[in-house]
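Asks: what would the 3D arrangement of this be:
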Amino acid sequence: MSNSVVRYQVTQHTRAHAEADRDSRDNRDTASDRGLQRPGEDSAGRDNRDGVFRERFRLVRDVDSTEDQPAGVYAIGDEGEVWICGPLEVIAQTRDESGNEWGRLNRWRDNDGRPHLWAMPMHMLAGSGDELRAELLRGGLILSSHPSRRRLVTEYIAHARPDVTARCVQRTGWHGDAFVLPNETFGAGDAEPIIFQTASPDGIALGQAGTLEEWRENIAALCAGNSRLVLALSCAFAGPCIGLLGAEGGGVHMRGPSSAGKSTALAVAASVFGSARYVRTWRSTDNALESVAALHSDLLLTLDELGQLDPRHAGAVAYMIANGQGKSRSRRDGSARAPATWRVLFLSTGEVGIADLVTESGGKVRAGQEVRIVDITADAGAGMGVFERLPDGVTSPGAFADQLKRAAATHYGHALPAFLRSLTAHPTRTRETLLAMRDALTRELAGVDADGQVRRVADRLALIAAAGELATFTGLTGWSQGEAESAIRACFAAWLESRGTKGPAETAAMLAQARAFFESHGASRFTPWDQSEMPTVNRAGFRRTTPDGQEFYVFTEAFRREIAKGFDHAQVARVLAASGALLVGSSGESTRRERLPGEGHKRVYRITSNFWEETP
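Replies: Numbers count the residues shown, from 1 in each chain. Next up, the predicted model:
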């Protein structure tokens, strides 16, 4: 939480707003006129049964406590005061910018003296209050063991009317020029404090240990010269930059065999935010992953072991996370509930890629999925898995991996707030700098002849590089200028080599699928031209040997249902024709009227020998 909130330093604007609200309430009908409060209470919840207003609760702080009256909250009744819980301060009222989602900002200390700050939504008081009390207990607040007294804790919070007001938000990340984390807001300026409000305060595993200097020396600086490790760390810094630039979300997936160092790359990236607990796994339902993504808006979401995801849902789930919107659902009354939204960059690892999982379940990989999830081989090509360079004195990749993991368990969580303070200090200037660096590297990576899909991947990787360079300029990484850009060039080259073309992915996929069909069935399902009487099981057409090579005359239904399966058959025909593999009709139509042996004239797709000279 920002210092302005922790110290209750409310701006003059906020004070004036609160006073105007009180004046407005005084000019309206009172709550008692509308019958909204219980008999014997005023609108603030004070007891008025004998004509004298009395507070119903009293907070005794640690400094005011005595042996006879321990610190805590006391309920005041006819029989005196009874202790209901430990010292719990309700320090602010919260609501969103539209005047909804009201809540209370609560503060307390656990038995270790550790402070807890939680903005809870008021809708948690709609039922019995058990969920609210459970969260307080989880946070170390001591409650009375007496059931009736324990229930009074919810009344205490409900009746609290602190003068301080703050704006609440339901997701982390950018809100205007302020960046909101669960326990701290950066760049709030002189405006009203902004606070993250949630029903579960422990959703994001942020934390700190060690120092920033130790993290830079023992983790970040040692990653220099290793493109995959630099990519992972740059992804961590790129998470908050996506929202600053209004860029689309997406992911980077490192694919490679076991023990290649992929988990080390995740641990390095997670150390920017917290301990190893920050790393999540793909082993979740799509609903659970939707909730996890919503909790990490404008942050880096780290996901391990893609192979644990159900192949039937792999493509849809990965696309959902990258696309930033969850499923549409209905309320109990049938009305539409607003879907969860987020904006997140995720870094994923696994022995297989998204495409492998999708095809394993019989699905088809779409170009949109490949663009939103950039699949990069984890092997950097130096024979050491993700590593290309070992630090002085380190004798093996395994020893280096163990060293980085130990360091990540000891030094973590300091780079994120330092980077956010830099971003929010001058957001406009920072935005312009990031855009300039991103656009320059995008032009270099994609060139002038790249397809739009390739440009989008280049754009995302260039943004990651720009974030890494900005973190270096800020003094966080210990790298030389240009280190992040050099790493991204290597990773983009590996991605492009695996893709095989700078053209559209669909075109390559169509040509590859057609070639695979003829390679598998060219001899068995196509009757030789000069042996038309030869029986052919499940015949798809005829094949003819010409001086230039084999030609195929494909029946229209076989072409549309099998060769073009999963694609628009007309588009497949256009791609084949453009490559010179399909001989079109006299008017440019995809099929030709040909005289087939023993069949007479039929319309077929005529595949020429040029097909075998093309590469996808």
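Asks: please parse the protein into its domains.
Replies: Domain segmentation of the chain under automatic domain parsing yields 3-196, 212-499, 505-613.
Asks: and the first one, how far out from the chain's middle?
Replies: The gap between the average C-alpha position of domain 3-196 and the chain average comes to 32 Å, counting by CA atoms, centre = their mean, to the nearest Å.
Asks: what about the nearest residue to Arg372 once chain neighbours are set aside, distance to Gly566?
Replies: The shortest distance from Arg372 to any residue other than its chain neighbours is 3.7 Å, reached at Ala322 (CB to CB, 6 or more residues apart in numbering). (Each C-beta comes from the backbone N, C-alpha and C, glycine too.) Using CB to CB, to the nearest Å, we find Ala322 at a distance of 21 Å from Gly566.
Asks: comparing those two, which residue is more hemmed in?
Replies: Using other CB atoms under 10 Å as the criterion, Ala322 and Gly566 rank with Ala322 on top: 21 against 12.
Asks: for the helix or strand that contains that one, C-alpha coordinates in CSV please.
Replies: For Ala322, the element it lies in under DSSP states H and E is helix 314-323. Only the C-alpha atoms of helix 314-323 are listed here, as CSV (Å, rounded to 0.1, in the frame of the first residue of the first chain):
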residue,chain,number,x,y,z
ALA,A,314,-4.9,-27.2,-24.5
GLY,A,315,-5.5,-24.9,-27.5
ALA,A,316,-8.6,-23.2,-26.0
VAL,A,317,-7.0,-22.7,-22.6
ALA,A,318,-3.8,-21.2,-23.9
TYR,A,319,-5.7,-19.0,-26.3
MET,A,320,-8.0,-17.8,-23.5
ILE,A,321,-5.1,-16.8,-21.3
ALA,A,322,-3.4,-15.0,-24.1
ASN,A,323,-6.6,-13.3,-25.3
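Asks: residues contacting it, please?
Replies: Helix 314-323 has contacts (CB atoms under 8 Å, 6 or more residues apart in numbering) with 249-251, 286, 289-290, 293, 301, 306, 309, 326-327, 344, 346, 354, 357-358, 361, 363, 365-366, 368-369, 372-373.
Asks: ok, now stretch 551-565?
Replies: Applying CB under 8 Å, 6+ apart, the external contacts of stretch 551-565 come out as 510, 513-514, 517-518, 522, 525-526, 539-545, 569, 572-573, 591, 594, 596, 602-609.
Asks: show me which of those are buried.
Replies: Burial by neighbour count, judged by 16 or more other CB atoms under 10 Å, picks out 510, 513-514, 517-518, 525-526, 540-544, 569, 572-573, 591, 594, 596, 602, 604-609 from those.
Asks: just the ones of these in strands?
Replies: Counting by DSSP state E, the part of those found in strands is 526, 541-544, 594, 596, 602, 604-607.
Asks: want to throw those residues into CSV with pLDDT?
Replies: Putting those into CSV (pLDDT from 0 to 100) gives the following:
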residue, pLDDT
Phe526, 96
Gly541, 96
Phe542, 96
Arg543, 95
Arg544, 94
Glu594, 94
Leu596, 94
Lys602, 94
Val604, 96
Tyr605, 96
Arg606, 96
Ile607, 95
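Asks: pick the one among those residues closest to Ser263.
Replies: Nearest to Ser263, judged by CB to CB, of those is Ile607 at 46.8 Å.
Asks: give me the next element, helix or strand, following the worst-scoring helix or strand of the chain on mean pLDDT.
Replies: In the chain, no helix or strand scores lower on mean pLDDT, DSSP states H and E than helix 31-34, which sits at a mean of 29. Proceeding N to C from helix 31-34, the next assigned helix or strand is strand 57-60, under DSSP H and E.
Asks: and that next one, what does it pack onto?
Replies: Here strand 57-60 touches strand 72-77, helix 147-159, going by 3 or more CB pairs under 8 Å, 6 or more residues apart in numbering; DSSP states H and E.
Asks: buried set for the last one?
Replies: Spelled out, that is helix 147-159. Buried, per 16+ other CB under 10 Å, within helix 147-159: 149-157.
Asks: before we move on, what about the first one?
Replies: Neighbour counts using 16+ other CB under 10 Å place 72-75 of strand 72-77 among the buried residues.
Asks: could those be laid out in CSV, adding pLDDT and distance to Thr264?
Replies: Supplementary listing: those in CSV, determined by pLDDT from 0 to 100; distance: CB to CB, whole Å:
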residue, pLDDT, distance to Thr264
Gly72, 96, 47
Val73, 96, 48
Tyr74, 96, 53
Ala75, 94, 54
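Asks: quick check, nearest of the residues you listed to Trp118?
Replies: Nearest to Trp118 among the buried residues of strand 72-77, with distances taken as CB to CB, is Val73, at 15.6 Å.
Asks: OK, contacts around the closest one?
Replies: The neighbours of Val73, taking CB under 8 Å, 6+ apart as the test, are 57-60, 83-88, 153, 156.
Asks: to His426, which of the helices and strands packed on strand 57-60 lies closest?
Replies: Using CB to CB, these put helix 147-159 closest to His426, at 39.0 Å.
Asks: so what does the closest one touch, helix or strand wise?
Replies: Checked by 3+ CB pairs under 8 Å, 6+ apart, helix 147-159 has strand 57-60, strand 72-77, strand 80-85, helix 130-138 packed alongside it.
Asks: for those, which one ends up most surrounded?
Replies: Highest mean neighbour count of the helices and strands packed on helix 147-159: strand 72-77, a mean of 20 (counted as mean count of other CB atoms under 10 Å).
Asks: now do it against strand 80-85, angle only.
Replies: 140 degrees (axes from the mean of the first three to the mean of the last three CA atoms, to 10 degrees).
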